[in-house]
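**Student:** fold the following for me, if possible:
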Amino acid sequence: MKFFSNKKISCICLVNPDNPSGNLLTVKEVEELSLWASRQSIKILIDESFADFEDRDIRKTLITPELLAEHPNLYVIKSIGKSFGVPGCRLGVLASGDEEFIAFAKKKVAIWNINPFGEVFMEIMPRYRADYEKGCDSIAAERNRFFAELSKIGFLKVFPSQANYFLARVKPPFDATSLTNLLWDNYKILLKDCSNKKGFPDSSYVRITVRDRDDNDMFLRTLGSLA
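**Tutor:** Here you go, the predicted model:
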């Protein structure tokens, strides 16, 4: 979570699910936060770029006309590139019930703000919506299996996640940097060392990406050999 304020605006910025923890705020929790913030004249900016990886039974978006109209201090952004795996498209959305702000934003956006590749992608994307949902379900199922197996590794404390990655605390005999270096130098496995992120001062946290089952099992076997 980030908070910034200047003479014109005060705003709380959140990623939901969070990066790098994967922690998820429910719709109800976001609404409660929005009501509190409204009383303080604070705006809420939510980044939903990883929301499609949530378990299906709780997979919800804040981008609904009713919710945004009820909470005009709430602004939701979402990068399509992250969930669809097409970062080159440079596609994303911004939604809010604040009509004055939306009108202002439209004036500031470049006339040609979507490249040709992104435009074609948006045209064909609806045809594959069912396949996309199936793919998200598959990632969520593999994440839950992967979490159970990672939790058996003695030198890791893995935190539950609703994104396509985990935050894990590295315990002795390793720390985040030594484990990251060992995996890369000896196995060419790239692990995200969170030591340079704010809030992780003791060099003990890494982020682990959820890949397909074969890659995840190879990673588990490698970690098991280090135990």
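**Student:** which residue ranges make up the domains of this protein?
**Tutor:** Structural domains assigned to the chain are 2-114, 138-226, following automatic domain parsing.
**Student:** out of those domains, nearest to Arg127?
**Tutor:** Arg127 lies closest, by Cβ to Cβ, to one member of these: domain 2-114, at 13.2 Å. Just so you know, the C-beta spots here come from the backbone N, C-alpha and C atoms, and that holds for glycine as well.
**Student:** so how far is that closest one off the chain centroid?
**Tutor:** 12 Å (Cα atoms, centre = their mean, to the nearest Å).
**Student:** do the same with stretch 206-220
**Tutor:** That offset, for stretch 206-220, works out to 17 Å (Cα atoms, centre = their mean).
**Student:** identify all contacting residues around it.
**Tutor:** Contact with stretch 206-220 is made by 20, 139, 142-143, 145-146, 149-150, 153, 158, 164-168, 170, 176, 179-180, 189, 191-194, as judged by Cβ atoms under 8 Å, 6 or more residues apart in numbering.
**Student:** just the buried ones from these, in PyMOL syntax?
**Tutor:** In PyMOL, this line selects whichever of those come out buried by 16 or more other Cβ atoms under 10 Å:
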select buried, resi 20+139+142+143+146+150+153+158+164+165+166+167+168+170+176+179+180+191+192+193+194
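**Student:** mind listing what Ile189 touches?
**Tutor:** Ile189 touches 183, 219, 222, counting by Cβ under 8 Å, 6+ apart.
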